[in-house]
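Visitor: Any chance you can model this:
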Amino acid sequence: MNIRRAVQEDRPQIETLLYQVHKVHSDKRPDLFIDGQKKYTTAELERLIEEDDRPIYVAEEDGRILGYAFCVYQQSGNHSLHHIRTLYIDDLCVLEGIRGKGIGRKLYEYVLEVARQNGCYNVTLNVWECNPGAKRFYEKCGLQIQKYGMEKILSQPGETNSGTDQ
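Guide: Numbering: from 1, shown residues only. Reported below is the predicted structural model:
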């Protein structure tokens, strides 16, 4: 297995994985994720593959894409926070049917090394509460909770909540 930067020729296989990971989310949170969609359009994916500040890494074997990691370099800091460079993992997915064989771990470790080589202070990501398998995977990789995102649902999808009493 080889891990490398994605190229345009990888796009169709990456799109297959994008549909797979979106289905995981749309099955668990149909109120947020539209069934049958994917996170990026074909045109957006074509642009992302070329962006150096948003690298996509793929694990491939004999021309078959086994998984990917979409990453984003971020710079933070202000008068009260240290100025740090972060590599944010926007999405990490392994092909359905071959999960649990160490491919995700190898992708993650590759991203860690890329971050180190590029002077990053940390690697961050978000995990949906409704995806306990992903949470366990990242905990096994040594990630720790940095902060919590919380919500209170006020209406159903498609409804508007005007915020006024009637």
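
Visitor: from here on, contacts and neighbour counts on C-alpha atoms
Guide: Noted.

Visitor: Now do the buried residues in the longest strand seen in the chain.
Guide: The longest strand of the chain (DSSP state E) is strand 64-76. For strand 64-76, burial by neighbour count (16 or more other Cα atoms under 10 Å) applies to 65-73.

Visitor: residues in contact with the helix or strand hosting residue 12?
Guide: Applying DSSP states H and E as the criterion places residue 12 in helix 11-28. Helix 11-28 has contacts (Cα atoms under 8 Å, 6 or more residues apart in numbering) with 32-40, 42, 45-46, 64-65, 67-68, 93-96, 130-131.

Visitor: could you redo the last one with a cut-off of 7 Å?
Guide: 33-39, 65, 93, 95, 130 (Cα atoms under 7 Å, 6 or more residues apart in numbering).

Visitor: Mind putting those residues into JSON lines with distance to residue 110, pLDDT and secondary structure?
Guide: Listed next are the contacts of helix 11-28 as JSON lines, based on distance: Cα to Cα, whole Å; pLDDT from 0 to 100; DSSP: H, G, I helix; E, B strand; the rest coil:
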{"residue": "33", "distance to residue 110": "29", "pLDDT": "95", "secondary structure": "coil"}
{"residue": "34", "distance to residue 110": "31", "pLDDT": "95", "secondary structure": "coil"}
{"residue": "35", "distance to residue 110": "31", "pLDDT": "96", "secondary structure": "coil"}
{"residue": "36", "distance to residue 110": "30", "pLDDT": "96", "secondary structure": "coil"}
{"residue": "37", "distance to residue 110": "28", "pLDDT": "96", "secondary structure": "coil"}
{"residue": "38", "distance to residue 110": "25", "pLDDT": "97", "secondary structure": "coil"}
{"residue": "39", "distance to residue 110": "23", "pLDDT": "95", "secondary structure": "coil"}
{"residue": "65", "distance to residue 110": "15", "pLDDT": "98", "secondary structure": "strand"}
{"residue": "93", "distance to residue 110": "14", "pLDDT": "96", "secondary structure": "strand"}
{"residue": "95", "distance to residue 110": "17", "pLDDT": "96", "secondary structure": "coil"}
{"residue": "130", "distance to residue 110": "26", "pLDDT": "92", "secondary structure": "coil"}
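
Visitor: ok, back up a step: and the longest strand of the chain, which strands flank it?
Guide: Within its sheet, and counting by DSSP bridges, strand 64-76 is paired with strand 56-61 (antiparallel), strand 84-94 (antiparallel).
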